[in-house]
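A.B. asks: Quick check, what structure comes out for this input:
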Amino acid sequence: MLNRNIPPRTKKIKSINFCFPEKHSFQNGINTYVLGSETAPVIKLDIIFKSGIENAEKKLEPTFANSMLKEAPQGMTSNETADFFDYYGAYIQNFISNNTSGLRLFVPQRFFVKVLPVFADLIQNPAFIEEDFSILKEKSKESIKVNLTKTKYIAAKGINNQLFGDFHPRGWLVKPEDVDTINLKDVKKFSNTYFSSKNCFIIASGSVNTETIKLIEKHFSKEFGNNKFVKKPTNKRIFSEKEIFKHYEMPNAVQSSIYLAKNLGKLRDEEIVDIGILNTVLGGYFGSRLMKNIRENKGYTYGIGSFLTDYDDCTVLKISSELATKYVKKTIKEIFKEIEKLTTTPISNSELNLVKNYSSGEILSSIDGVFQNSIIWEKIISSQRQENLINLQFERLQNITSDELMQIAQKHLNKEEFFTAIAGS
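C.D. replies: Here you go, the predicted structure:
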């Protein structure tokens, strides 16, 4: 009989098995990365363009272009397109980030041959129907109105504005009236310019075989979009006045949201790994310094955390929380206390081992299966990081010391260089 007073045995994770994709290059220059598996009869096909929000010349332009891409190909309506994919049990997801955008197709392997031609047509010959565009504009306008009532949204947008300025897409503060400045001609131009075969790579994962690859090549080996090289718009950090601390007043808010952020500059892969481990200690998991102090000991908030945002020219460390307004000042004070401790006192061996074990498990979870692996590879390829980044991360995790973490904190966590945004009453 199982004795529940005895905990299960644990063992140290000594190695990981990170899958490397098989690479195929098509005649139009598109590189396709294949991660095959027979565990499930499903195919996930990611069409990824190396352009995103930062390619905008107008607010919302890339977001609208990306959303319209999935609506319908030429010769079909949006309802017909939706019915077609539903019939075959397929699902399409559009996505956009600062530097990437595109479509993901999830489809049962047995229907791939039926679904792929229409999916390819969506990308290569989008219909851009005026009625669909009008509906999208109305939905977007309502969504922005709702977001502008949320303290977390205002603080998140505000901290980026403080970091990057009014004239950089990362710092733009979007308003409902900005929707009216976008027309279908702008969207078509953006799509044709940036959603092209010269600006694209593909990741195919799941039940992929030789025939699958041949089908993908058949439908994606021809050129589409504007295949001339297009230089990314120059997005300068221009500030009328650089505000380290800013309170965004929201009189009707029942609570406040805070964001603290520091631009760490352009980091090498090894530095990204190191600061990632330090971030875990600070606020990257449930047992982090910020959670223990501010949530468990002080009871100021239900949740607080820190995370890294990796841009093409810099990495930003952010700390965020939602809490009662009366605890805002106390919470910010405690955050800086925890940052100070990391720069002055080496963490204990027991805490370091806890972080190592947790992070090792997180790495294993992040590469558990080909679909998870495809997410990692999308990040590595689009950000031009070295291919063995995950192995580098795991190896460094096993060997990093408390003294090294303190040195990393001293180098990167200067309290005077943090920006603070508060949204609330």
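A.B. asks: Centroid-nearest residue for the protein?
C.D. replies: For the chain, the residue nearest the mean C-alpha position is residue 97 (6.2 Å; Cα atoms, centre = their mean).
A.B. asks: if I look at that one, how far off is residue 360?
C.D. replies: To residue 360, residue 97 is 27 Å away according to Cβ to Cβ, to the nearest Å. Backbone N, C-alpha and C define where each C-beta goes, glycine included.
A.B. asks: can you check residue 287 too?
C.D. replies: For residue 287, the distance to residue 360 equals 14 Å [Cβ to Cβ].
A.B. asks: thinking again about what came up before, pull the contacting residues for the residue nearest to the centre of the chain.
C.D. replies: 52, 53 (Cβ atoms under 8 Å, 6 or more residues apart in numbering).
A.B. asks: Would you check how far apart it and residue 305 are?
C.D. replies: With Cβ to Cβ as the criterion, residue 97 and residue 305 are 20 Å apart.
A.B. asks: Likewise for residue 212?
C.D. replies: Distance of residue 212 to residue 305, computed by Cβ to Cβ: 39 Å.
A.B. asks: What score does residue 157 have for pLDDT?
C.D. replies: We have a pLDDT of 97 for residue 157.
A.B. asks: where does the residue nearest to it when sequence neighbours are not counted land in three-state SS?
C.D. replies: Nearest residue to residue 157, sequence neighbours excluded (Cβ to Cβ, 6 or more residues apart in numbering): residue 173, at 5.5 Å. Of the three states, residue 173 takes coil under DSSP: H, G, I helix; E, B strand; the rest coil.
A.B. asks: Look at residue 173 and say how many residues are nearby.
C.D. replies: By other Cβ atoms under 10 Å, 14 other residues sit near residue 173.
A.B. asks: close enough to count as contact, it and residue 159?
C.D. replies: No: if you go by Cβ atoms under 8 Å, residue 173 and residue 159 don't touch, sitting 11.3 Å apart.
A.B. asks: that older thread, pick out whichever of residue 287 and residue 360 has more residues nearby.
C.D. replies: For the pair residue 287 and residue 360, the greater number of neighbours falls to residue 360 (18 against 14), based on other Cβ under 10 Å.
A.B. asks: And the pLDDT for residue 238?
C.D. replies: pLDDT for residue 238: 61.
A.B. asks: Please apply the same query to residue 11.
C.D. replies: At residue 11, pLDDT is 79.
A.B. asks: tell me the helices in the protein, going along the chain?
C.D. replies: 61-69, 78-87, 112-124, 130-147, 151-164, 184-194, 210-220, 269-283, 289-290, 328-344, 349-366, 370-383, 389-399, 402-412 (DSSP state H).
A.B. asks: how about those, which one is nearest residue 15?
C.D. replies: When these are compared by Cβ to Cβ, helix 389-399 sits nearest residue 15, at 7.8 Å.
A.B. asks: Check which helices and strands the closest one sits against.
C.D. replies: Helix 389-399 sits against helix 269-283, helix 349-366, with contacts defined as 3 or more Cβ pairs under 8 Å, 6 or more residues apart in numbering; DSSP states H and E.
A.B. asks: Quick one: list the elements packing against the shortest one.
C.D. replies: Under the contact criterion of 3+ Cβ pairs under 8 Å, 6+ apart, the helices and strands touching helix 269-283 comprise helix 289-290, strand 301-310, strand 315-323, helix 328-344, helix 349-366, helix 389-399, helix 402-412.
A.B. asks: As CSV, these with mean pLDDT and distance to residue 424 would be great.
C.D. replies: Below are the helices and strands packed on helix 269-283 laid out as CSV (pLDDT from 0 to 100; distance: least, Cβ to Cβ, whole Å):
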stretch, mean pLDDT, distance to residue 424
helix 289-290, 98, 19
strand 301-310, 96, 13
strand 315-323, 97, 9
helix 328-344, 97, 7
helix 349-366, 95, 32
helix 389-399, 94, 36
helix 402-412, 97, 28
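A.B. asks: okay, the residue nearest to residue 317 when sequence neighbours are not counted: pLDDT?
C.D. replies: Residue nearest to residue 317 in three dimensions, not counting chain neighbours: residue 262, with 5.0 Å by Cβ to Cβ, 6+ apart. Looking at residue 262, its pLDDT reads 97.
A.B. asks: Renumber starting at 323 from here on
C.D. replies: Sounds good: first residue 323 from here, last item residue 584.
A.B. asks: Report the contact partners of residue 584.
C.D. replies: 638, 639, 734, 735, 736, 739, 740, 741.
A.B. asks: out of these, who's nearest residue 473?
C.D. replies: Distance to residue 473 across those (Cβ to Cβ) is lowest for residue 741, with 17.0 Å.
A.B. asks: returning to what we had before: wait, which of the helices of the chain is closest to residue 349?
C.D. replies: Residue 349 lies closest, by Cβ to Cβ, to one member of those: helix 532-542, at 8.5 Å.
A.B. asks: I'm done for today, thanks for sticking with me.
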